[in-house]
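>>> Following is a predicted model, sequence given first.
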Amino acid sequence: MRAIVLILLAGFCLPAFTLAEETESTQRAVDLDRLDALLTGLEAQGFSGAVAAGFVDGPALQKAYGLADREAGRRYRTDTVQTMGSITKPVTAAAILLLEGEGKLSLDETLADHFEDVPADKREITLHQLLTHSAGFPGGIGPDNEAIGAGDFVERALAAELEFEPGSGYAYSNVGYSLLGILIERISGQGYEAFLRERLFEPLGMDATGYLLSDWDADQRALGYRGGSLWGEVRGRGWRSDGPGWHLRANGGLHTTVEDMRRFVALLRGKGPLDEDAVARWTEGYVDEGGGDSFYAYGWAVSDSPLGRLVAHNGGNGIFSADFLWFPERDFYLYIQGNTATVPAADLRPMLLAALVDADFPLPPDLEEDGNSDPAKRLAGEWSGEAGRLSLRPDGPRLLAEATGSRLLRALNQVPDGQGDRLDGFDEKTRTILSRIAAGEERVLDGFTDEDVAERSRRLRELFDRFPEDARIELAGSLPIAPESRFADYGTVGSYVRIESDFGTRLATVLWQDDGNYRGTALGPASDLPGLVLVRMTSGGYRAVERQPPWRHYPVELQGDCLDIVSLTLCRTDSADQ
């Protein structure tokens, strides 16, 4: 999984200092206590995971939140292991640079130099292009849980249709990194994980990182949760005897702890197996990811941030997620991981940065949560009124409120009445696009953008084509984009399309500009929809809390089969037990 790489937070900039003052002043400007307070507040809303953040030679925070195993009541710890998803990619890139430093390969070499029977359209693809997602390979060629071997994977990859001529564009691709992993095995004569363990992890003291060789105890591993239900582990799902199949291996799925990722920082400082010259090449942005504000390096995305130059990557599978951030000009790192889709760790970056550097950034309320899950199960179900439908889903002791209907969405998010007609217009535009997609039309964006209608329409159709034919696609409504949203730099209005299938619930956020033109569509977790979480209080009853700043919260009054929330009355419309 990959989210928007960076949203710049306007106004969250640090002042300039002389070199002598810079380190001390930066450390004063970065507030780790506020970071802790943010994550503590999010724990009541469903976040569980751990963070390691701090200055290499200064203040630091290393702390865990929530439960790693809800059924057993086992707390998350800083040594709890879970997948870090696509943060595997910079590790694979580091291994390639190690081999290059030994003279065993060159990044200018091509697929034809290392693989047999490479078709003409792929013969000149270089290792540099694989590392920078500029080779043209598709994002994937099969499911993560297929136990595909290296030979079959290479055959399938070489037969895949390229999205563009190699070197002429950018397309994020797991395929390219899996090919690099196979190359590591062929050149080193070792298994992928064995090579990483011997050449990278052990020298850095990262004893808990890998696929299988670390052999963690069951009580050290986190379980994943989606929609309030146990999902389980990535580990072992369709895996081979030595790790995952090659749809996942070398591009994702490595497991780690926040303690190990703190040790990983040494590699970025040139204090590990990579020398400083190799680190500089590892972290140099080469290829524009689109938009001109983020450039892909070798396994990293490089951009500007409130703390200066940012080298980062995130990852996940829609349940587990993680994010790693390194600010080389400040010697500051942040790694966060989490085991639930309720509050995905990988989506928190804008809030984490804001909490660190902006004293005025609002923090979530510190609520005394009752841990009893039984009342939430009784209230779960569908509640409707004139304004729309509210689905309440249990997530441990809390309830996640999913609203459908623009009037209901606006009321829950306190949108001023005067914006209703304008937002209704964006609803209508989005419905038109969805109906065109359903009808199989090609130019689904006709009338909604002046820029390359055919190509942008094709990309939008392909986004929806990823889902099964029986997926339920429903417009939830349109809202103004909040300044704190990760979409704030990409549009002023978001039309939220909920997509439900056997693979879970995803949200397509259709972004619109002030002038009414289409800006783009972002596919993400259901939590991208601004909404409420109902937190059961130790004093009894529930409070509805906004899941994003400014975190307004309201009492919820239950009266028989109806509930009053934000001046609205909604009544139960399903047959669930009361």
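Cool, the structure landed. Residues are numbered from 1 along each chain as shown.

>>> Sketch out the low-pLDDT regions of the protein for me.
1-26, 28, 575-578 (pLDDT under 70).

>>> Now the residue nearest the centre of the chain. Nearest residue, chain neighbours left out?
Centroid-nearest residue in the chain: Ala346, 3.7 Å away (criterion: Cα atoms, centre = their mean). Spatial nearest neighbour of Ala346, chain neighbours left out: Ser321 (3.7 Å); criterion: Cβ to Cβ, 6 or more residues apart in numbering. C-beta here means a position set from N, CA and C on the backbone, and glycine is covered the same way.

>>> and the one you found, what are its bridge partners?
Gly316, Gly338 (DSSP bridges).

>>> That one contacts Ile87, doesn't it?
No - counting by Cβ atoms under 8 Å, Ser321 does not reach Ile87; the two are 9.9 Å apart.

>>> Overlap in contacts, those two.
Asn314, Gly315 (Cβ atoms under 8 Å, 6 or more residues apart in numbering).

>>> Of the two, give the one with the bigger neighbour count.
Higher neighbour count among Ser321 and Ile87: Ser321, with 32 against 27, using other Cβ atoms under 10 Å.

>>> what's the distance between the more buried one and Gln82?
9 Å (Cβ to Cβ, to the nearest Å).

>>> quick revisit: name all residues that make contact with the residue nearest to Ala346.
Met1, Gly85, Asn314, Gly315, Gln337, Gly338, Pro344, Ala345, Ala346, Asp347 are the contacts of Ser321 under Cβ under 8 Å, 6+ apart.

>>> Name the nearest residue to the fifth one, ignoring sequence neighbours.
Leaving out its chain neighbours, the residue that sits closest to Gln337 by Cβ to Cβ, 6+ apart is Ala322, at 3.9 Å.

>>> What is the neighbour count of that neighbour?
Ala322, neighbours per other Cβ under 10 Å, totals 28.

>>> From what I see, it and Val81 are in contact.
No - taking Cβ under 8 Å as the definition, Ala322 is not a contact partner of Val81, at 11.6 Å.

>>> mind listing what Ala266 touches?
Ala266 neighbours (Cβ under 8 Å, 6+ apart): Leu204, Gly272.

>>> any idea how this protein splits into domains?
365-413+531-578, 417-521 (automatic domain parsing).

>>> I'd like to know which of the ones you listed lies nearest to Ala160.
Nearest to Ala160 among the domains of the chain is domain 417-521 (14.7 Å), distances taken as Cβ to Cβ.

>>> and that closest one, how far out from the chain's middle?
20 Å (Cα atoms, centre = their mean, to the nearest Å).

>>> Between the two ends of that domain, how far is it?
Taking Cα to Cα, to the nearest Å, the first and last residues of domain 417-521 lie 26 Å apart.

>>> so where do the strands sit in the stretch 101-250 of the chain?
With DSSP state E, counting those that start in this stretch as the criterion, the stretch 101-250 of the chain has strands at 224-226, 229-232.

>>> Pick the most buried one from these.
Mean neighbour count (mean count of other Cβ atoms under 10 Å) peaks for strand 224-226 among the strands of the stretch 101-250 of the chain, with a mean of 23.

>>> Report all helices and strands that it contacts.
Contact here means 3 or more Cβ pairs under 8 Å, 6 or more residues apart in numbering; DSSP states H and E; on that basis strand 224-226 packs against strand 229-232.
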